[in-house]
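K.L.:
Here is the input, now give the coordinates:
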Amino acid sequence: MKYIVNLTTGILFLLIVAVISNKINIKEDMQEAHSYLKYEQTAAEFYKKQCGFCHTSEELIAPDMNKIKAKYLEKFKTKEAFIDAVVKFVKNPDKKGAIYKDGIDNFMDMPKMPFKETQLKSVAEYIYNSPKL
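P.N.:
Take a look at the predicted model:
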């Protein structure tokens, strides 16, 4: 009888842990989805503050994003390929992986950006869809 009580208690404990763990995962998933939706509404603003600050037509700090975009569009023919390539570079910018080679020698190296991949994808899509940045 003691064995059955211990077994039942153990199973009950595991079920409680599973339920709590699942609730935590659901909560985290919901928070990320919420922040993603919130971010989606402000991709243009995020671009202006985080990317456009350096990537201006004056090219004082970094190359003009319109020139970078043109090179990416030449090389990557689909929207998905364009977005993936931009995200890949921003996550780990290096001179060997640069598509816009004209800017390599004229500007300092771009630092790694601490943004979430969902944010980077949204901004890359904004860049892709914008006629002029």
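K.L.:
any idea how far I127 lies from D105?
P.N.:
Using Cβ to Cβ, to the nearest Å, I127 is found at 23 Å from D105. Using the backbone N, CA and C atoms, a C-beta is placed for each residue, glycine as well.
K.L.:
and the two? which has more neighbours close in?
P.N.:
Neighbours were counted for I127 and for D105 using other Cβ atoms under 10 Å; I127 has more, 22 against 7.
K.L.:
Which pLDDT value goes with that one?
P.N.:
With respect to pLDDT, I127 scores 97.
K.L.:
and if you look at L7?
P.N.:
43.
K.L.:
go on, G52?
P.N.:
G52 is given a pLDDT of 94.
K.L.:
show me the contacts for it.
P.N.:
65, 133 (Cβ atoms under 8 Å, 6 or more residues apart in numbering).
K.L.:
That one and G103, how far apart?
P.N.:
Taken as Cβ to Cβ, the span from G52 to G103 is 15 Å.
K.L.:
swap in I83?
P.N.:
Taking Cβ to Cβ, one finds I83 at 20 Å from G103.
K.L.:
Please apply the same query to T42.
P.N.:
Distance from T42 to G103, by Cβ to Cβ: 27 Å.
K.L.:
The two - which one has more neighbours?
P.N.:
More crowded of T42 and G103, by other Cβ under 10 Å: G103, with 19 against 13.
K.L.:
what about the more buried one, distance to K121?
P.N.:
22 Å.
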